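K.L.:
what shape does this take:
(chains A and B)
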Amino acid sequence: MIHFQATYRPIALIEAPEIPTELLWGFGILFAGIGLVYFLIIFVMRNRLSRKNADVRARKSELAPMISNFLFYNPDLEPEGRAEYIRMKIDIRELLKTDFNRRVLSEVLMDLRSDVSGSARETLLALYQNLGLDADAYVKLKSWRWEKVSQGIHELTEMQVDTSYTFIRKFINDKRSVIRKQAQLATVTLRAEGISYFMDTARYRISEWQQLKLIEILRQREDFDPPRFRAWLTSENRDVVLFALRLIRHYRQNDAAQALLTLLKHRNADIRLAAVECLREFRVVEAREPLQTMFRKSGEELKLVILDTLSLIGLPDDLPFLKRIAEKDLNFIVRSKAKAVMNTLEPDSALPDTDLEDAVGEAIPEEMTIADEPAAETPAPMPLALLPVTFEIIANGSGQEPLDHPSAAEPVPLFPPDADQAVSIPMDEWDEALFDFCLRQELDDILSQAGVGASTSSKEEADFLPFVVEFQTQDTEAQEDATEENEVPATACNPENRTEPQEEKDALEAIDCSFLPFVVDNPPAMSERTEKAPKPLHTESSAAVAVEAEDAGLLEPAFGLQGTPEIRKAQATPYFQSTLDATPGKLDTFSIFAEFFREYDTESKRILLKEIPAVGGVKELRFLHSLLQDPDLSIREAASKAIGQLTARLKKDPEKPGLDHPASRPLPGVGFVPDLDTMSEAPEKSVASRAIRLLNRWGFWTPKNTAGNHE
Amino acid sequence: MNETKLLLADDDEMLASLLRYRLEKEGFMVEWAPDGRTMKTSLGQSLPDIIISDIMMPYFSGIEMVDYLRNTLGSNIPIIIISTAGNESNVLSAFELGADDFISKPVNPSELIIRVRKLLRTSAA
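P.N.:
Next up is the predicted model:
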């Protein structure tokens, strides 16, 4: 038995360094100790602060009654309390020997100073100084720490220690900005002349915020008499000049006009801007020309201020200057402002001139005259009589009396009651007379609106009315020539001379007929002369409607054939082929039976073919010939039979075809009277049978009885 | 002589102490509430003759106190509101809820006393 023993010996590619665990433990303990010490320090300091705050609160509560007593004690009113007052004063001086107590008392007085007003505040401020608490603030002024100095300045300012003014104003130009600003505020607050000293001595920048705060202090100052700030317009400190301009405008010291005009030439844009604002504020008229002079080199903001100033002080003489600006300045806002100023100085001096249509301002042509309104005329006398018409509303079989409708209380005349004449007209001519009357009224209204005036509506006066274009008739020779071209040879129409289909087809092709439909009332006799096709509607002279041979496809019906004209011609049915072969001015005849034939079913077609010989004419003959190529055998046989019958009838009486037929009397608007007896024999589901049933139901037709008579 | 009971509600201890001293000197029996909760508790125990309250207080503001007093308790006790500058909207709200007068900080104690006496006269009438 063989045992294999595999020995795995890992090959270490990276050797991990040895970690001194003891060192790690040491670091851990060290940092934990530091953390612990840190937290201990925080805990101790927090406790100390809490204890300190608690002591301060306790001290404040202890001092509060004393302060209140000191504040509200009136020795004149309370003589018996004087002893108490003196005792408290001694006690408090004992307390003030401790710095802690002094600090607390100063804080208390500072807090109360913002909470009380009037006499209480004045007493409080006096108490602050009487207790010697301002000495601590003076000590702070001597500190090297900027926050101490600032705190001292603040405290002396708040408690309005007037004697500290000379000490504080030394800090106006301190290099430390916080102290400098604090001192500036204190200087202006403590004394009225502080503002003058400040503006005389300020060498550093004065921010706009600082300027606003100073103005606020001056504004709250009671009985403040401001100095003439124009004296500082010549200061070397740019901010002092700006501050002076601001103060001038605030206090409305308008006696510095000349200085302001001079400042328009200052290099600094802010100063120029402030000067212009002052000039605008004071409405200095003399500044018009200097402002116009400095306008070109000014920025956008200054330009707008200048324009605004000119709107207040400008004169109409400045309009050319403003107009130049409105036209040439590159800035849109400045141009708009200039136009506004122009309109302010002189209304409507700057009008809109862009995006205007050319039609505005066109003169009305001379030939266009506006007719005067026609004078009110009395209406023409009514030719008809007034027929009172009464309306009566009757209930639906309820047996009640007829309802009295308000409108039926009086007879309602058909025409206005101001007719002068009354002419009686027979009732059978009523409709016609009414129609004429209405037409006359309508025409009169139209003419009156057109300015023609009511008249008898002659033809010339009605020229403005739309008219239907009638095709111009040419001379008879041209008509006859056109007619000759459209003549149909009688041999083609005579069934006895009927040729083979191909020869007949060639004969048909040789005929040039007009395309548009027309009706032949009196065709000429077949034996005497050739049949003439009806006069075409279009002649060769109407070239606008001429159709080229290549465009014969346009003559196809709506379901026309596709492809080239040759293909279409080969594929077309005989009827359509005759249409394709049409040439301009020589169009085929049109039969109404063709329209019916297209929509009817087979049975109806056969019935229709039976009726054609009785009422048809030459055009129907052509149509029947076209049906000889129909794929349906029954249709072909019926068409053949109809051709024979029609030809025989036409030969017998060519001038009045179909008039001897009992059904030849045309129906209005139809022109075709079917044989209802024949149609009654049609199958049930055919169109003809349905028509017969409808007519029977309506009472227009009754079936024949056994004797052959209608019931 | 019954002293007029006055409830002074203000979280500023020093101001409240000063006003309290001044009002007691004028003969009022002043009860001080440092916050809204204490004030509400005091109102639940006994109603004073007049209330002087600051608007901004912890737990229960002066406006809520006015609403509580007028709508919940249904009392017509005169109420003077102490407001700070720029707090006109709260003052108007207090007036809408039923406050009788207001005085802005810094408070003039003499003026406050005059207003208190006037309201007491009006309410007594």
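
K.L.:
buried residues, stretch A:114-132. List them.
P.N.:
A:115-117, A:120-121, A:123-125, A:127-128, A:131 (16 or more other CB atoms under 10 Å in any protein chain shown). (C-beta placed from N, C-alpha, C; glycine too.)

K.L.:
with only the CA atoms kept, save that stretch in CSV.
P.N.:
Provided in CSV are the C-alpha atoms of stretch A:114-132 (Å, rounded to 0.1, in the frame of the first residue of the first chain):
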residue,chain,number,x,y,z
SER,A,114,-31.4,99.7,27.2
ASP,A,115,-34.6,98.8,29.1
VAL,A,116,-35.6,102.0,30.7
SER,A,117,-36.0,105.5,29.4
GLY,A,118,-36.9,109.0,30.5
SER,A,119,-35.9,110.1,34.0
ALA,A,120,-35.0,106.5,35.0
ARG,A,121,-32.3,106.4,32.4
GLU,A,122,-30.9,109.7,33.4
THR,A,123,-30.7,108.6,37.0
LEU,A,124,-29.1,105.4,35.9
LEU,A,125,-26.4,107.2,33.9
ALA,A,126,-25.7,109.4,36.9
LEU,A,127,-25.5,106.5,39.2
TYR,A,128,-22.9,104.8,36.9
GLN,A,129,-20.6,107.8,37.2
ASN,A,130,-21.3,108.4,40.9
LEU,A,131,-20.3,104.9,41.7
GLY,A,132,-17.1,105.3,39.8
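
K.L.:
in chain B, what residue spans correspond to helices?
P.N.:
For chain B, applying DSSP state H gives helices covering B:13-25, B:36-45, B:62-67, B:88-97, B:109-124.

K.L.:
between the ones you listed, which gets the lowest average pLDDT?
P.N.:
For the helices of chain B, the weakest mean pLDDT is recorded on helix B:88-97, namely a mean of 88.

K.L.:
related to what we said a few turns ago, just the helices of chain B: most buried one?
P.N.:
With neighbours defined as mean count of other CB atoms under 10 Å in any protein chain shown, the helices of chain B peak in mean count at helix B:62-67, which reaches a mean of 22.

K.L.:
just to revisit the earlier point, possible to save the buried residues of stretch A:114-132 as JSON lines with pLDDT, secondary structure and distance to A:Thr201?
P.N.:
As requested, these are exported to JSON lines (pLDDT from 0 to 100; DSSP: H, G, I helix; E, B strand; the rest coil; distance: CB to CB, whole Å):
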{"residue": "A:Asp115", "pLDDT": "90", "secondary structure": "helix", "distance to A:Thr201": "35"}
{"residue": "A:Val116", "pLDDT": "91", "secondary structure": "strand", "distance to A:Thr201": "35"}
{"residue": "A:Ser117", "pLDDT": "90", "secondary structure": "coil", "distance to A:Thr201": "33"}
{"residue": "A:Ala120", "pLDDT": "90", "secondary structure": "helix", "distance to A:Thr201": "36"}
{"residue": "A:Arg121", "pLDDT": "92", "secondary structure": "helix", "distance to A:Thr201": "31"}
{"residue": "A:Thr123", "pLDDT": "91", "secondary structure": "helix", "distance to A:Thr201": "34"}
{"residue": "A:Leu124", "pLDDT": "92", "secondary structure": "helix", "distance to A:Thr201": "32"}
{"residue": "A:Leu125", "pLDDT": "93", "secondary structure": "helix", "distance to A:Thr201": "27"}
{"residue": "A:Leu127", "pLDDT": "91", "secondary structure": "helix", "distance to A:Thr201": "33"}
{"residue": "A:Tyr128", "pLDDT": "93", "secondary structure": "helix", "distance to A:Thr201": "28"}
{"residue": "A:Leu131", "pLDDT": "90", "secondary structure": "coil", "distance to A:Thr201": "33"}
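
K.L.:
from those residues, which two are the most distant?
P.N.:
Using CB to CB, the buried residues of stretch A:114-132 reach their maximum pairwise distance at A:Ser117 and A:Leu131, which is 20.7 Å.

K.L.:
show me the shaky parts of chain A.
P.N.:
For chain A, the stretches flagged by pLDDT under 70 are A:1-2, A:4, A:77-78, A:359-429, A:451-590, A:653-688, A:691-692, A:694, A:698-701, A:704-711.

K.L.:
residues of it that sit close to chain B?
P.N.:
Counting by CB under 8 Å from any CB of the partner chain, chain A comes close to chain B at A:57, A:60-61, A:64-65, A:67-69, A:71-72, A:108, A:111-112, A:114-121.

K.L.:
out of these, list just those in helices.
P.N.:
A:57, A:60-61, A:64-65, A:67-69, A:71-72, A:108, A:111-112, A:114-115, A:119-121.

K.L.:
buried members of those residues into ChimeraX, please.
P.N.:
Entered in ChimeraX, the line below selects the buried ones among those, by 16+ other CB under 10 Å:
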select /A:60,64,67,68,69,71,72,108,112,115,120,121
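
K.L.:
roughly how far does A:Ile86 sit from A:Gly132?
P.N.:
Separation of A:Ile86 from A:Gly132 (CB to CB, to the nearest Å): 17 Å.

K.L.:
so who does the residue nearest the centre of chain B touch?
P.N.:
Centroid-nearest residue in chain B: B:Ile52, 1.4 Å away (criterion: CA atoms, centre = their mean). The neighbours of B:Ile52, taking CB atoms under 8 Å, 6 or more residues apart in numbering or on different chains as the test, are B:6-10, B:19, B:80, B:82, B:112, B:116.
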